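Structural data only, the sequence is not supplied:
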Ligand SMILES: N=C(N)NCCC[C@H](NC(=O)CCC(=O)O)C(=O)O
């Protein structure tokens, strides 16, 4: 049986825009009210996904969510026709309308936490959609995320789908953005590493002062219980609250792992040495490569600006590891110099490939935010909805679909345009047919 890690990238939705919705996410705040280009955003994402498929990686796509989210606007008391609701919300509660229009489901690293079958008690692949309770615009994602995941991984013999955690800050859960799995081979039991920013039930534990910690220890522990992970294969690692206060709103902005590599910034964690000893002991006899980037070489500010750690580390079919980085890393002299040096250091990482994902970066989403990792075997892959897997035909089909339905300019004021509801629904309805997802959206029920 073959084992590998697949990446499922979020298809950017037709309402991709810059609304400044994410307090603590520097890019989101500093680009608030900039004009976006949903068509380019979607195409940049598709290009990256296709490039990985062309490198021999298993690559899938996850459908975006329905936006504007009329269902939520109705839930909070707006009534009338769709156009009337939009009009009233734009006048009476523009901030709530913006929250209901974000295309933020594109960052599928936040869609769910995934545990491969090699790690779980029942031998199935487990998915728990993230509740994303820290941000209003993201807290409306998990139900539809669950529908999309169930339509993509649609075989109960192999896949176990859980409900998202209770919607309370004690269980703040941001999915795979705060979760990394280290393993010798994808098919062996690995060490599941949960990084949290706060302990909800222990007020004296360290926590950030300026920006919110989105992930709690209690949420991470609940996921480990739900997925049937063993204690010997699980490590909980506290994030350094000082870096959260400098804009590191998810762990995947400061660290990334793959197989036997953990690539991280010197200031990423608390209690680092003890926790690394625990990781090594649980990992087993072979050595984990802890690749530390020192502050002297790359400051936190440069890491946050360039997204050096929001890179994907992938294992190519040749067995070599490559980094998939945003072009922003090339544009930052300190980071570019570091990456050029990294490939010469004798670590498993041998090459760096750069991709322009600037439309996503301007909202704080790099290459790693755009993908959900699913380690699986070939039987599990055969059970996946095959219409979601990237190949030449799907790439062409989705690009044509984007050309047909997406705007190339969207301002925050355009979100009040009722025509956007029609455009978005027409596009998504067609997409569910292309990807054979069934009725995953509220407007289809
Ligand atoms: N690091 C990972 N895995 N994901 C990045 C998510 C970015 C997203 N930005 C936003 O939601 C901005 C939307 C706006 O401001 O319009 C967020 O902050 O949750």
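Arrived safely. What you see is a predicted model; the values in this text were computed from it and never measured. Numbering: from 1, shown residues only.

Nearest residue to the residue in the stretch 151-300 of the chain that the ligand sits nearest to in space, ignoring adjacent ones along the chain?
Residue of the stretch 151-300 of the chain nearest the ligand, by CB to the nearest ligand atom: residue 177 (3.4 Å). For the C-beta atoms, the positions are set from N, CA and C on the backbone; glycine is no exception. Residue nearest to residue 177 in three dimensions, not counting chain neighbours: residue 250, with 3.9 Å by CB to CB, 6 or more residues apart in numbering.

State the number of residues packed around the one you found.
Residues lying near residue 250 (other CB atoms under 10 Å) number 29.

Pull the contacting residues for it.
Residue 250 is in contact with 109, 110, 174, 177, 178, 214, 215, 369, counting by CB atoms under 8 Å, 6 or more residues apart in numbering.

Number of residues surrounding the residue of the stretch 151-300 of the chain closest to the ligand?
27.

now it, what's its secondary structure?
Classification of residue 177 by DSSP: H, G, I helix; E, B strand; the rest coil places it in helix.

And the pLDDT for it?
Looking at residue 177, its pLDDT reads 98.

separation between the residue located most distally from the centre of the chain and the ligand?
The outermost residue of the chain relative to its centre, with distances by CA atoms, centre = their mean, is residue 80 at 34.8 Å. Going from residue 80 to the ligand by CB to the nearest ligand atom, to the nearest Å gives 26 Å.

cool, and residue 40?
16 Å.

Look up the closest residue to that residue, ignoring the ones flanking it.
For residue 40, ignoring the flanking residues on the chain, the nearest one in space by CB to CB, 6+ apart is residue 359 at 5.5 Å.

was I right about the one you found contacting residue 34?
No - using CB atoms under 8 Å, residue 359 makes no contact with residue 34, being 10.3 Å away.

related to what we said a few turns ago, may I have the phi/psi pair for the residue nearest to residue 177?
The phi/psi pair for residue 250 (degrees, to the nearest 10) reads phi -130, psi 160.

Spit out the contact partners of residue 120.
Counting by CB under 8 Å, 6+ apart, residue 120 makes contact with 126, 160, 227, 228, 229.

And those residues, which two are furthest apart?
Farthest-apart pair in the contacts of residue 120 is 160 and 229; separation 12.5 Å (CB to CB).

show me the contacts for the residue most central in space within the chain.
The centroid of the chain falls nearest to residue 109 when counting by CA atoms, centre = their mean (1.5 Å). By CB under 8 Å, 6+ apart, the contact set of residue 109 is 175, 176, 177, 250, 252, 368, 369, 370, 371, 372.

ok, now with 6 Å
176, 177, 252, 368, 369 (CB atoms under 6 Å, 6 or more residues apart in numbering).

which residues touch the residue farthest from the centre of the chain?
Contacts of residue 80 (CB under 6 Å, 6+ apart): none.

Which helix or strand contains it?
Assigned by DSSP states H and E, residue 80 belongs to no helix or strand.

Please apply the same query to the one 10 residues further on.
Secondary structure assigned from DSSP H and E places residue 90 in helix 82-92.

contacts for that helix?
Here helix 82-92 makes contact (CB under 6 Å, 6+ apart) with 70, 73, 78, 97, 416, 418, 421.

coming back round to it: between residue 359 and residue 34, tell me which one has more neighbours.
Here residue 359 and residue 34 are set side by side on neighbour count (other CB under 10 Å), and the busier one is residue 359, at 22 against 14.

how close does that one sit to the ligand?
Distance from residue 359 to the ligand, by CB to the nearest ligand atom: 12 Å.

what's the answer for residue 86, then?
Counting by CB to the nearest ligand atom, the gap from residue 86 to the ligand is 18 Å.

about what we covered before: for the residue farthest from the centre of the chain, phi and psi?
phi 110, psi -160.

What's the local residue count around the residue in the stretch 301-445 of the chain that the ligand sits nearest to?
The ligand sits closest to residue 369 of the stretch 301-445 of the chain, with a gap of 3.3 Å, by CB to the nearest ligand atom. Per other CB under 10 Å, the neighbour tally for residue 369 reads 28.

can you pull the pLDDT of the residue nearest to residue 177?
98.

Ok, residue 215 next?
We have a pLDDT of 98 for residue 215.

before we move on, what about the one 5 residues further on?
At residue 220, the pLDDT value in this model is 98.

Residue 445 too?
On the pLDDT scale, residue 445 gets 88.

For the stretch 151-300 of the chain, what lies in contact range of the ligand?
The stretch 151-300 of the chain comes close to the ligand at residues 177, 249, 250, 252, 253, as judged by CB under 6 Å from any ligand atom.

what sits against the fourth one?
Pointing back at residue 252 there. Applying CB under 6 Å, 6+ apart, one finds that residue 252 lies in contact with 109, 177, 310, 368.

rerun that using 8 Å as the cut-off
Residue 252 neighbours (CB under 8 Å, 6+ apart): 109, 176, 177, 178, 309, 310, 368, 369.

What is the nearest of those residues to residue 165?
Looking across those and measuring by CB to CB, the closest to residue 165 is residue 178, at 12.8 Å.

Now do that closest one against residue 251, distance only.
Residue 178 sits 5 Å away from residue 251, going by CB to CB, to the nearest Å.

what do those two both touch?
Taking CB under 8 Å, 6+ apart as the contact rule, residue 178 and residue 251 both touch 195, 215, 239.

now these as TSV including neighbour count?
Output for these, formatted as TSV (neighbours: other CB atoms under 10 Å):
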residue	neighbour count
195	26
215	28
239	27
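
Which of these fall within strands?
Within those, residues falling in strands by DSSP state E are residue 195.

and which of the shared contacts of residue 178 and residue 251 is nearest to residue 276?
residue 195 (12.8 Å).

if I've got this straight, residue 193 is in a strand?
Yes - assignment of residue 193 by three-state DSSP places it within a strand.

If you tally nearby residues, what's the number for it?
Look at residue 193: counted by other CB under 10 Å, it has 23 neighbours.

For residue 280, see how far away it is.
According to CB to CB, residue 193 and residue 280 sit 12 Å apart.

Repeat that for residue 331.
Counting by CB to CB, the gap from residue 331 to residue 280 is 35 Å.

the more surrounded of the two?
residue 280 (16 against 12).

Quick check on the nearest residue to that one once chain neighbours are set aside: phi, psi?
In this structure, residue 280 finds its nearest non-sequential neighbour in residue 288, 5.4 Å apart by CB to CB, 6+ apart. Torsion angles at residue 288 (phi, psi; degrees, to the nearest 10) stand at phi -80, psi 130.
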